[in-house]
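Chemist: heads up, no residue letters with this:
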């Protein structure tokens, strides 16, 4: 008897429907074809043990299973559940043979319980797109899949529950999600608020500009000046995620299995990998490519503390994703792309000793040592960082000051207002939502300068020997500063402030 059951294969952050054809005929043998990997091939042992433990058996006949399309590699143990249902139905042990409207995925334990899988959200999205009306998943995955409207999502705790459901003995109930709270992003940053930061008003201003325009920022300062503390508070002033951003971010985290029992991701990611991270862990890859830290930080923040301590080759692989906001991983037989539109926030000391050259009695590094230290970060990478800001230690008077600084909520409201201006500006341009995403063509449209501003920028370009990319970055930052002031056009003071945030373009630390 031939039975067709449907599963799904995740490729990148998208899924493809897999048709599992199970045929049982006279003879002996278990034949699984359709380019399965070892984990899929081993399913026969898990299935046999699970069936025996719930009172069923693996038929002692010739079982032929084809997983179509046969030219697409099938990976992982998530096909255990549909394979088992197909075998039971084809052998007549399950009184149901029509699964045309059902998508089934799950890993089996030997006792028949169902274990969670990766990629439940993209699987559910594709199931809905392909016309399926029901999807059966492990209970840990149903919250993320239930985000997809128009699809009945069922939680399966044990394969016996699924068998009873298909035979009409004990029906499973579809999972329900309350829409009124689904996309309401929480804003609880009570422990990480800018109100707790003493002094550092110029740094807060730079972070506000970075948040308002989605710009990359580099904080340079000695130990204890507050670089990490400030960076960790940046999410508290970022605008809430839109529905589209939440769905796309959740899909990426779903692929690596990080949203079980969570549902929709509503807070912007904040990823802070250690400086010993490899290039594969940072940008993604492996034999079977998985998203890296830059993709897990999509629509959020990637914080690289002690930037020069990262291996140079690791930092260099970020250059293309920073520019294209997408990382493409190529292998001999396939290519996978992951979105990586993130804000890069990095911190570093100004020298190997940790201090600026003009800090009397503190700096012990020679000019040659400082040049060698700074050269660990390439010029092309620095060009892609919009704001370079010096962070100086807070004087005692500021630390002892009892007054309360401006709260994150107040700053966040200004950032939201600036982002709304940008959303309106780019509403006709697909995939562009804030100033940092502007390509050169849009810069020429929305960043027009008057003669005074143009002369000021020309002088800075010539004196600092800036590249064409740095020129574009200055214009983008100036546009954001103007948006924070709700100004229609970029004025000279906006250009002047944007130029100030190019510290590493000035040869100031190696001078004694």
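Modeler: Thanks, I have the structure now. Computed from a predicted model, the values in this text were never measured in an experiment. Residues are numbered from 1 along each chain as shown.
Chemist: for the rest of this, base every contact and every neighbour count on C-alpha atoms.
Modeler: Fine.
Chemist: tell me the gap between stretch 338-357 and the middle of its chain.
Modeler: For stretch 338-357, the distance from its own C-alpha centre to the chain's C-alpha centre is 20 Å (C-alpha atoms, centre = their mean, to the nearest Å).
Chemist: try stretch 119-134
Modeler: Between the centre of stretch 119-134 and the centre of its chain there are 21 Å (C-alpha atoms, centre = their mean).
Chemist: which parts of it are buried?
Modeler: Judged by neighbour count using 16 or more other C-alpha atoms under 10 Å, the buried positions of stretch 119-134 are 119-128, 132-134.
Chemist: of these, which is the nearest to residue 424?
Modeler: For residue 424, the nearest member of the buried residues of stretch 119-134 is residue 125. The distance, counting by C-alpha to C-alpha, is 28.5 Å.
Chemist: what does the helix or strand hosting that closest one rub up against?
Modeler: Secondary structure here is read from DSSP states H and E; on that basis residue 125 sits in helix 120-129. Helix 120-129 is touched from outside by 8-10, 13-17, 103, 133, 135, 137, 141-142, 144-145, 147-148, 150-151, 250-251, 254-255, with contacts defined as C-alpha atoms under 8 Å, 6 or more residues apart in numbering.
Chemist: next: stretch 382-393.
Modeler: By C-alpha under 8 Å, 6+ apart, the residues outside stretch 382-393 that reach it are 200, 203, 206, 210, 215-222, 224-227, 319, 322-323, 344, 467, 469-470, 473-474, 477, 498, 501-504.
Chemist: any idea how this protein splits into domains?
Modeler: 2-177, 194-425 (automatic domain parsing).
Chemist: let me have the ones you listed in a markdown table, extended by mean pLDDT and distance to residue 451.
Modeler: Written out in a markdown table, the entries for the domains of the chain read as follows (pLDDT from 0 to 100; distance: least, C-alpha to C-alpha, whole Å):
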| stretch | mean pLDDT | distance to residue 451 |
| --- | --- | --- |
| domain 2-177 | 94 | 47 |
| domain 194-425 | 87 | 23 |
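Chemist: could the ones you listed go into CSV alongside distance to residue 490?
Modeler: Shown next, in CSV, are these (distance: least, C-alpha to C-alpha, whole Å):
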stretch, distance to residue 490
domain 2-177, 39
domain 194-425, 14
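Chemist: which of these sits closest to residue 494?
Modeler: Nearest to residue 494, of all the domains of the chain, is domain 194-425, at 11.3 Å by C-alpha to C-alpha.
Chemist: ends of the closest one, how far apart?
Modeler: Here the two ends of domain 194-425 are set 29 Å apart, with distance taken as C-alpha to C-alpha, to the nearest Å.
Chemist: distance from the chain centre to that domain, please.
Modeler: Its chain's C-alpha centre lies 13 Å from the corresponding centre of domain 194-425 when counted by C-alpha atoms, centre = their mean.
Chemist: return a PyMOL selection command for the buried portion of the contacts of helix 120-129.
Modeler: A single PyMOL command selects the buried members of these (16+ other C-alpha under 10 Å):
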select buried, resi 8+9+10+13+14+15+16+17+103+133+135+137+141+142+144+145+147+148+151+250+251+254+255
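Chemist: in helices only, show me the contacts of helix 120-129.
Modeler: Helix and strand membership here follows DSSP state H; of the contacts of helix 120-129, those in helices are 142, 144-145, 250-251, 254-255.
Chemist: what is the nearest of those residues to residue 31?
Modeler: Checking those against residue 31 by C-alpha to C-alpha gives residue 255 as the nearest, at 28.7 Å.
Chemist: just give the nearest non-adjacent residue to that closest one, would you?
Modeler: Spatial nearest neighbour of residue 255, chain neighbours left out: residue 119 (4.0 Å); criterion: C-alpha to C-alpha, 6 or more residues apart in numbering.
Chemist: please apply the same query to residue 237.
Modeler: Sequence neighbours aside, residue 412 is the residue nearest to residue 237 in space, at 4.2 Å (criterion: C-alpha to C-alpha, 6+ apart).
Chemist: do residue 492 as well
Modeler: What sits nearest to residue 492 in space, not counting adjacent residues and going by C-alpha to C-alpha, 6+ apart, is residue 453, at 4.5 Å.
Chemist: what ranges do the helices span in the stretch 301-450 of the chain?
Modeler: In chain order, the stretch 301-450 of the chain shows helices spanning 312-316, 319-324, 367-374, 379-383, 396-400, 408-425, 440-446, with DSSP state H, counting those that start in this stretch as the criterion.
Chemist: could you turn the buried ones of the contacts of stretch 382-393 into a PyMOL selection?
Modeler: Only the buried entries of those go into this PyMOL selection, using 16+ other C-alpha under 10 Å:
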select buried, resi 200+203+206+210+215+216+217+218+219+220+221+222+225+226+227+319+322+344+470+473+474+477+498+501+502+503+504
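Chemist: the contacts of stretch 382-393 in strands, which ones?
Modeler: Using DSSP state E, the members of the contacts of stretch 382-393 that fall in strands are 217-220, 344.
Chemist: let me know the closest of those to residue 80.
Modeler: For the ones in strands among the contacts of stretch 382-393, the closest approach to residue 80 (C-alpha to C-alpha) belongs to residue 344, at 40.2 Å.
Chemist: now do the contacts for the closest one.
Modeler: Contacts here follow C-alpha under 8 Å, 6+ apart; on that basis residue 344 touches 215-217, 301-304, 385.
Chemist: at 10 Å what do you get?
Modeler: Taking C-alpha atoms under 10 Å, 6 or more residues apart in numbering as the contact definition, residue 344 lies against 210, 214-218, 271, 294, 297, 300-304, 322, 384-386.
Chemist: pull the most distant pair out of the buried residues of stretch 119-134.
Modeler: 119 and 133 (18.3 Å).
Chemist: hmm, back to that, closest to residue 492 out of the helices of the stretch 301-450 of the chain?
Modeler: helix 440-446 (15.4 Å).
Chemist: can you mark which positions in the closest one are buried?
Modeler: Within helix 440-446, the residues that qualify as buried are 443, 446, counting by 16+ other C-alpha under 10 Å.
Chemist: just after that helix, pick out the following helix or strand.
Modeler: Helices and strands here follow DSSP H and E; after helix 440-446, the next one along the chain is helix 451-464.
Chemist: the residue nearest to residue 255 reaches residue 145, doesn't it?
Modeler: Yes: the pair residue 119 / residue 145 is scored as a contact, 9.3 Å apart, by C-alpha atoms under 10 Å.
Chemist: quick check: neighbours shared by these two?
Modeler: Common neighbours of residue 119 and residue 145 (criterion: C-alpha under 10 Å, 6+ apart): residue 254.
Chemist: residues in contact with residue 378?
Modeler: 312, 315-316, 319.
Chemist: from those, which would you call buried?
Modeler: Those of the contacts of residue 378 that meet the buried threshold are 315, 319, by 16+ other C-alpha under 10 Å.
Chemist: which of the contacts of residue 378 lies closest to residue 112?
Modeler: For the contacts of residue 378, with residue 112 as the reference and C-alpha to C-alpha as the criterion, the closest is residue 315, at 45.9 Å.
Chemist: please report the distance of that closest one from residue 384.
Modeler: When distances are taken as C-alpha to C-alpha, residue 315 and residue 384 turn out to be 12 Å apart.
Chemist: before we move on, what about residue 349?
Modeler: 19 Å.
Chemist: out of those two, name the residue with the larger neighbour count.
Modeler: Of the pair residue 349 and residue 384, residue 349 is the one with more neighbours under other C-alpha atoms under 10 Å, namely 24 against 21.
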